[in-house]
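Trainee: take a look and give me a structure for this.
(4 chains)
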2 protein chains.
Amino acid sequence: MEPQKRTTEELILEAAQAVFLEKGLAGARMQEIADRAGINKALLHYYFRSKEKLSGIIISRAIGTIMPRMMGVLETDQDLFDKIREAVGTFISFISRNSFLPLFMVNEVNRNPHFFFTAAIQQEKSHLDKFRRQVDEAVAAGRIRPISSTQLLMNMMSMLVFPFLGKPIFCAALGLTEEAFQQEMERRRTEVAEFIIKSIQA
Amino acid sequence: MEPQKRTTEELILEAAQAVFLEKGLAGARMQEIADRAGINKALLHYYFRSKEKLSGIIISRAIGTIMPRMMGVLETDQDLFDKIREAVGTFISFISRNSFLPLFMVNEVNRNPHFFFTAAIQQEKSHLDKFRRQVDEAVAAGRIRPISSTQLLMNMMSMLVFPFLGKPIFCAALGLTEEAFQQEMERRRTEVAEFIIKSIQA
DNA sequence: GTCTATATTCCGATAGAC
DNA sequence: GTCTATCGGAATATAGAC
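Mentor: You can find the predicted model right below:
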């Protein structure tokens, strides 16, 4: 309700997130972050001692933003097919609104894998495991065809994330304009779920 | 047959490719390239005037390496299902041997989309179009269920490329060791094709 | 807390000897 | 062609006034 004036620290973090995600860790410039936050470099270092410290915080925030989204949708008590439908829709909507996040994460995680092996994922792993058990049980009960839950998860995550990473390639290769691409992504909200379900149903 | 001593230029290009692909364009250092090539920075600039020139060459080589692979497998005269099986197997083998290539390409293409819109893809587009027509015809003939060739291509490419990009995430989230991950990729050489075919068969 | 000015480090690029 | 030495600019980081 209040005019809600954001603090300088919040302004910096928002600007830093934008710049790091757009330019990558190595490509980002402290000057540009300061400019976008409407302050100067000195103040940047006053709040966050170094570029490395600042980037560390942004990375943690990014992981904290995307991981619960990726995993959270998989932990509900729904029927397997309904769960897949909902997870696909939710996740595509989320990435559409945070288009730089996947590329940043994928880069970070490849340049610095051990950082990720720590606490970041372990906490979400239980959600994943629940989904995998659900898949295994459906296979055992003959309600879906035999398929490894590992392979299924890789397929699902791939189809959700990669089109956004490869957007310029797909646009060029398939002759899509910006709007046409958006439309295709919108279609995927249902198409991908159906693609998966068609493939695994008994 | 000859002892085949690689020229300095070749040594540089190999080193540059390795460093650029590992560290990204902005993260790569001319010093490191020189070190890996066993020479010094001055000589680097003697052969390739600037970092930008050198990176341009590496990008062209990378595109020239991966695009024909991606498209080439789709242009044969095979039956649709056989073609999918072969394309999946070939492509996974290729990326397994060039694991840094997808991350580099995806970065480059996102930071510099126009570079890609030019000649790079247009030449390969015909192969893609041939595949898409084949899909459309199969749909029209009722040999596969109705599906957009655009969506099918996105699904296929995603499942082929993304697991390598997200390798550290998958390893952490699914509790896979390096060897276990390799094994899963090996399984994917047949599993992905079956996953697709199961999904689209009439 | 915020600024201007400056120090420091790093890195791409060049000069010039061999 | 290859090297050592160095320049010059850019980017991170700090000093110190307000």
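Trainee: quick check: residue A:98 touching residue A:65?
Mentor: Yes - in this structure, residue A:98 is within contact of residue A:65 by Cβ atoms under 8 Å, at 7.4 Å. The way it works is simple: take the backbone N, C-alpha and C, and place the C-beta from them, glycine included.
Trainee: quick check: residues of chain A near DNA strand C?
Mentor: A:8, A:39, A:40, A:41, A:42, A:43, A:46 (Cβ under 7 Å from any atom of the strand).
Trainee: in which helix or strand does the one residue sitting closest to the centre of chain A reside?
Mentor: Chain A has residue A:66 as the residue nearest its centroid, 4.4 Å off, counting by Cα atoms, centre = their mean. Under the criterion of DSSP states H and E, residue A:66 resides in helix A:51-72.
Trainee: pLDDT on that helix, on average?
Mentor: Helix A:51-72 shows a mean pLDDT of 91.
Trainee: kindly report the same for stretch A:106-123.
Mentor: The model assigns stretch A:106-123 a mean pLDDT of 80.
Trainee: quick check: residues of chain A near DNA strand D?
Mentor: Residues of chain A lying near DNA strand D (Cβ under 7 Å from any atom of the strand): A:28, A:29, A:30, A:31, A:41, A:42, A:45, A:49, A:50, A:51, A:52.
Trainee: one more time with 6 Å
Mentor: A:29, A:30, A:31, A:41, A:42, A:45, A:49, A:50, A:51, A:52 (Cβ under 6 Å from any atom of the strand).
Trainee: in TSV, list those along with neighbour count.
Mentor: TSV is the format used below for those (neighbours: other Cβ atoms under 10 Å in any protein chain shown):
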residue	neighbour count
A:29	12
A:30	17
A:31	12
A:41	13
A:42	8
A:45	15
A:49	10
A:50	11
A:51	17
A:52	9
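Trainee: can you tell me which of the residues of chain A next to DNA strand C are buried?
Mentor: Burial by neighbour count, 16 or more other Cβ atoms under 10 Å in any protein chain shown: within the residues of chain A next to DNA strand C this picks out residue A:39.
Trainee: now tabulate the residues of chain A next to DNA strand C in TSV and tack on secondary structure and pLDDT.
Mentor: Putting these into TSV (DSSP: H, G, I helix; E, B strand; the rest coil; pLDDT from 0 to 100) gives the following:
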residue	secondary structure	pLDDT
A:8	helix	98
A:39	coil	98
A:40	coil	98
A:41	helix	98
A:42	helix	98
A:43	helix	98
A:46	helix	98
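Trainee: I figured residue A:41 was touching residue A:32, is that so?
Mentor: No - contact between residue A:41 and residue A:32 fails when scored by Cβ under 8 Å: they sit 10.1 Å apart.
Trainee: what about whichever residue of chain A sits closest to DNA strand C, distance to residue A:28?
Mentor: Nearest to DNA strand C, among the residues of chain A, is residue A:42, at 3.0 Å (Cβ to the nearest atom of the strand). Here residue A:42 is placed at a distance of 18 Å from residue A:28 (Cβ to Cβ, to the nearest Å).
Trainee: thanks a lot, see you next time.
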